[in-house]
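J.: Predicted model follows, preceded by the sequence.
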Amino acid sequence: MSAAYETVALDVAGHVATLTLNRPENRNALSLRMCRELVAACTALAADEQVHVVVIRGAGPVFCAGADLKERRTMTDQDMTARRVAGFAAYAAIERLPQPAIAVVHGAAFGSGCEIAGACDFILAAQGTRFCYPEVGWGTIGATQRLPRAVGARMAKELLFTGRKFDAREAREIGLVNHVYPPDELAAQAAEMAAHIARATPLTVRLTKRSVDQGLATTREGAMAVELLAIEENLRGTDWKGALAGFGAKSAGVTDAG
């Protein structure tokens with residue numbers, strides 16, 4: 001994982017990959033180059049079996065202030081369409097990671113920043129972080145798919161139509177964010193959660209993620225078939241008997257100690 005990037009940074013330690021949006025001088029605004037580098041980095045991560053969890057964060061004072069508007073000023077309609085497609089490809093590359101992806105958000109996540117965070121499996125945020133979906137106010141369309149799936153259609157429509165800013169507390173209340181921590185505790189809390197997940201059997205975690213994602217896209221009956229196929233693959237690919245024996249020994253130890 002030695003590839004050099006200009007707009008993102010990628011580090012791997014202890015089976016946890018940290019993918020950092022790395023344009024702090026531009027508030028990590030999403031440029032065309034960053035779109036392409038996110039796709040490249042996620043493609044490399046997806047193929048790396050030593051990576052069990054991916055953490056996505058932002059360098060500098062904010063997570064991501066949105067799209068790079070300076071870049072768009074000279075774009076034609078065709079250029080803008082191509083840029084939006086590149087953004088969709090970046091979000092999809094994050095969303096399709098086989099490993100769990102955790103967004104660690106601070107400062108602000110506007111527009112494309114919300115989409116990057118929303119493409120992760122869940123979001124941890126610092127107190128005081130601001131979120132905003134400003135697309136309608138800019139005379140464009142965006143964030144119409146992931147946001148409703150996270151917070152419901154009615155709340156999504158309010159946030160999209162008004163473009164109002166809301167904080168991490170409200171984001172947690174509506175289901176966009178899982179947990180909110182004091183800013184000085186966010187990194188440690190995220191690292192602890194990532195390390196905990198990374199200790200689980202990688203195949204089992206990946207199959208669980210796949211089952212949830214594919215199950216939500218089909219009927220209840222289809223979802224049960226998805227889970228059954230995952231169970232069969234897990235039985236073939238893991239030492240599930242050893243895992244159960246180890247869990248039983250730990251449980252017995254707790255009981256005996258009590």
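T.: Okay, I see it.
J.: quick one: the strands in this protein?
T.: In the chain, the strands defined using DSSP state E lie at 8-13, 16-21, 53-58, 101-105, 108-110, 122-126, 130-132, 166-167, 179-181.
J.: Give me the distance from the second one to the chain's centre.
T.: Put plainly, it is strand 16-21. 11 Å (C-alpha atoms, centre = their mean, to the nearest Å).
J.: likewise the first one?
T.: Counting by C-alpha atoms, centre = their mean, strand 8-13 is centred 15 Å from the centre of its parent chain.
J.: elements contacting it?
T.: strand 16-21, helix 32-46 (3 or more C-beta pairs under 8 Å, 6 or more residues apart in numbering; DSSP states H and E). Every C-beta, even on glycine, is put in place using the N, C-alpha and C of the backbone.
J.: Turn the ones you listed into TSV, including mean pLDDT and distance to A125.
T.: Output for the helices and strands packed on strand 8-13, formatted as TSV (pLDDT from 0 to 100; distance: least, C-beta to C-beta, whole Å):
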stretch	mean pLDDT	distance to A125
strand 16-21	98	15
helix 32-46	97	20
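J.: Just say which of those is most tucked in.
T.: strand 16-21 (a mean of 23; mean count of other C-beta atoms under 10 Å).
J.: And the pLDDT at the nearest residue to A200 once chain neighbours are set aside?
T.: Nearest non-adjacent residue to A200, counting by C-beta to C-beta, 6 or more residues apart in numbering: H52, 7.7 Å away. H52 carries a pLDDT value of 98.
J.: so which of the helices and strands packed on strand 8-13 comes closest to K70?
T.: Smallest distance to K70 across the helices and strands packed on strand 8-13 (C-beta to C-beta): 11.7 Å, for helix 32-46.
J.: Helices of the stretch 151-258 of the chain, residue ranges please.
T.: Here the stretch 151-258 of the chain has its helices, by DSSP state H, counting those that start in this stretch, at 153-162, 168-173, 186-198, 202-216, 220-237, 240-257.
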